[in-house]
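# sequence and computational prediction follow.
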Amino acid sequence: MDPIRNPFAPGAGTPPPELAGRDALREALRISLERTRLGRPAKSAMLVGLRGAGKTVLLDRIRQDAEASGIHTLRVEAPEGRSLPAILAPQLRQALLRLSTLAAAKDYAVRGLRALAGFAGKLKATYQDIEVGFDFEAEPGLADNGDLEHDLQALFEQVGLAAKAARTAVALFVDELQYVEESQLAALITAMHRTEQRQLPVILIGAGLPQLRGQLGNAKSYAERLFDFPDIGALPEAAARQAIALPIASEGAAIEPAAVDRILQLTHGYAYFLQEWGSHTWLAAAASPITLQDVERASLQAVAAMDESFFRVRFDRCTPKEKRYLRAMAELGPGPHRSGDIAACFGTRVSSLAPTRSALIRKGMIWSPNHGDTAFTVPMFDAFMQRIMPGEDWRE
């Protein structure tokens, strides 16, 4: 098959050729965004799911939908080691500058820019990584108390007032929210709660690993009433079949049903894995229709490619003790696993492994579906750990 015509797109957040199985959620969020624009009650949303489920792709597609309808959007990622004020401030400045070009919203937007100057100037002492241009002098007493929770509320209010005057909405799209510290999450939740109370057209669409729901609840007890939490998991069977078959058909080729069955079995229906297997299967096939034998040949390359990129980049972030903990989990299977069973693999007490477990949760490698349970945040990571740390030496 012509590699130039390969329709699949494995990558970090790379849009797939066929975004299958997400139409209902896209429509639900479109309704929320439009209700926000009209000043009607609408819940913000947090997309939660494992790595490789397609959260980032979906977040970006929903943002594109919003932009196409005339809603102003901000898009940020919350990496480890960066503060929430630092990643939000430049994007809020851009949104306010755009709104300031509209006559109806100009005065409100300018006041928002003054609020941003006070916000960033005062909080710079606490969050040294804030870097944002100032277009206007700060207004004394506006978002400049130096308290993040109070000042972010005041800043979001000004953004909401400008959007309301422009008869539009501002939608914040924030990826990897699980890396935001609890106190900063609390400030974000409080700011969104305030805009909702004032019926201002500001909405938040976030995405993160499964532990995000618990983190938000810990930050503010009312978070679960403020947000919806759609679970972004493996695609349903019919949608997973479409994700493989339709891109191939769009190139004038075909794939045998048995070949599709095998890809679904190997990938468990996760969006990123479907793209990886689809791409390698296309390259392994000599001609159309693509066969089961083509899938089997491609699987060796697909696994090797994922080991060197998708899996390895996460493995390399871990300390030797953390790697042993993950290997012990893999010894028990896909999971979830009880903390006591993991400790038994080491021949030690649960309490002695608690710091390691906590560090892995902070790094986004594992999460706790229930009290005392531990699970991988990356599908099929157990098999990778057994490949990269074979035998019994890891126990020593």
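That came through, no problem. Residues are numbered from 1 along each chain as shown.
# tell me the contacts of Ala9?
Ala9 sits next to 15-17, 275, 279 when contact means CB atoms under 8 Å, 6 or more residues apart in numbering. Using the backbone N, CA and C atoms, a C-beta is placed for each residue, glycine as well.
# most neighbours of all those, which one?
Gln275 (27 neighbours; other CB atoms under 10 Å).
# please report the distance of that residue from Gln184.
Going from Gln275 to Gln184 by CB to CB, to the nearest Å gives 33 Å.
# on that earlier part again, for the contacts of Ala9, which one is nearest Ile290?
Distances from Ile290 to those, taken as CB to CB, are shortest for Ser279 (11.9 Å).
# let me know the helix or strand that the closest one is in.
helix 271-284 (DSSP states H and E).
# chain center to that helix, what's the gap?
With CA atoms, centre = their mean, to the nearest Å as the basis, helix 271-284 stands 22 Å off its chain's centre.
# for that helix, packing partners?
Judged by 3 or more CB pairs under 8 Å, 6 or more residues apart in numbering; DSSP states H and E, helix 271-284 is in contact with helix 237-250, helix 257-267, helix 292-306.
# now mean neighbour count and mean pLDDT too, for these, in CSV please.
Below are the helices and strands packed on helix 271-284 laid out as CSV (neighbours: other CB atoms under 10 Å; pLDDT from 0 to 100):
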stretch, mean neighbour count, mean pLDDT
helix 237-250, 19, 96
helix 257-267, 19, 97
helix 292-306, 18, 95
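# and those helices as JSON lines, adding distance to Gly133?
Putting those into JSON lines (distance: least, CB to CB, whole Å) gives the following:
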{"stretch": "helix 237-250", "distance to Gly133": "42"}
{"stretch": "helix 257-267", "distance to Gly133": "45"}
{"stretch": "helix 292-306", "distance to Gly133": "41"}
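# so for Ile130, which of the ones you listed sits nearest?
Checked against CB to CB, the stretch from the helices and strands packed on helix 271-284 lying closest is helix 292-306, at 37.2 Å.
# and that closest one, what does it pack onto?
helix 257-267, helix 271-284.
# need those helices in a markdown table (columns: distance to Ser250).
Conversion of the helices and strands packed on helix 292-306 to a markdown table gives the following (distance: least, CB to CB, whole Å):
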| stretch | distance to Ser250 |
| --- | --- |
| helix 257-267 | 15 |
| helix 271-284 | 12 |
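# nearest to His193, of those?
Here helix 271-284 is closest among the helices and strands packed on helix 292-306 (CB to CB), at 32.0 Å.
# average pLDDT across that closest one?
Averaged over helix 271-284, pLDDT sits at 96.
# list the buried ones in stretch 172-189?
Applying a neighbour-count criterion of 16 or more other CB atoms under 10 Å, one finds 172-180, 184-189 buried in stretch 172-189.
# what's the closest of these to Asp151?
Taking the buried residues of stretch 172-189 together and measuring to Asp151 by CB to CB, the closest member is Ala187, at 8.3 Å.
# and the closest one, what pLDDT?
97.
# before we move on, what about Cys345?
So Cys345 comes in at 88 (pLDDT).
# what helix or strand is it located in?
helix 339-346.
# again with Leu116
Using DSSP H and E, the element containing Leu116 is helix 106-123.
# what does that helix rub up against?
Under CB under 8 Å, 6+ apart, the answer for helix 106-123 is 85, 89, 92-93, 96-97, 99-100, 102, 130, 132, 134-140, 142-146, 148, 151-152, 154-155, 158-159, 161-162, 164-165.
# coming back round to it: so what does the helix holding Cys345 touch, helix or strand wise?
helix 320-332, helix 350-362, strand 373-376.
# okay, these in a markdown table with mean pLDDT next?
Below are these laid out as a markdown table (pLDDT from 0 to 100):
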| stretch | mean pLDDT |
| --- | --- |
| helix 320-332 | 94 |
| helix 350-362 | 93 |
| strand 373-376 | 95 |
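# with mean neighbour count and distance to Ala259 as new columns, can those be given to me in TSV?
Formatted as TSV, these follow (neighbours: other CB atoms under 10 Å; distance: least, CB to CB, whole Å):
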stretch	mean neighbour count	distance to Ala259
helix 320-332	20	29
helix 350-362	15	37
strand 373-376	20	28
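# among these, which comes closest to Thr126?
Distance to Thr126, taken as CB to CB, is lowest for helix 350-362 among those, at 20.9 Å.
# if we can go back for a sec, and the contacts of the helix holding Cys345?
With CB under 8 Å, 6+ apart, helix 339-346 has contacts from 324-325, 328-329, 331-332, 349-350, 352-353, 357, 372-374, 395.
# with only the CA atoms kept, save that helix in PDB.
Output in PDB follows, covering the C-alpha atoms of helix 339-346 (Å, rounded to 0.1, in the frame of the first residue of the first chain):
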ATOM      1  CA  SER A 339      -2.100  -2.200  47.800                       C
ATOM      2  CA  GLY A 340      -1.500  -5.200  50.000                       C
ATOM      3  CA  ASP A 341      -1.100  -7.500  47.000                       C
ATOM      4  CA  ILE A 342       1.500  -5.100  45.500                       C
ATOM      5  CA  ALA A 343       3.400  -5.000  48.800                       C
ATOM      6  CA  ALA A 344       3.400  -8.700  49.000                       C
ATOM      7  CA  CYS A 345       5.300  -8.900  45.700                       C
ATOM      8  CA  PHE A 346       8.100  -6.900  47.500                       C
END
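# got the buried residues for that helix?
For helix 339-346, burial by neighbour count (16+ other CB under 10 Å) applies to 339, 341-343, 345-346.
# for those residues, which one is nearest Gln215?
Ser339 (19.3 Å).
# can you give the domain ranges for the chain?
3-13+235-314, 23-228, 317-395 (automatic domain parsing).
# tell me the contacts of the closest residue to Glu18 other than its chain neighbours?
Counting by CB to CB, 6 or more residues apart in numbering, Glu18 lies nearest to Leu246, which is 4.7 Å off, once chain neighbours are set aside. Neighbour list for Leu246: 17-18, 20 [criterion: CB under 8 Å, 6+ apart].
# Throw these into JSON lines and include secondary structure, pLDDT and distance to Ile366, thanks.
Listed next are the contacts of Leu246 as JSON lines, based on DSSP: H, G, I helix; E, B strand; the rest coil; pLDDT from 0 to 100; distance: CB to CB, whole Å:
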{"residue": "Pro17", "secondary structure": "coil", "pLDDT": "85", "distance to Ile366": "32"}
{"residue": "Glu18", "secondary structure": "coil", "pLDDT": "85", "distance to Ile366": "31"}
{"residue": "Ala20", "secondary structure": "coil", "pLDDT": "90", "distance to Ile366": "29"}
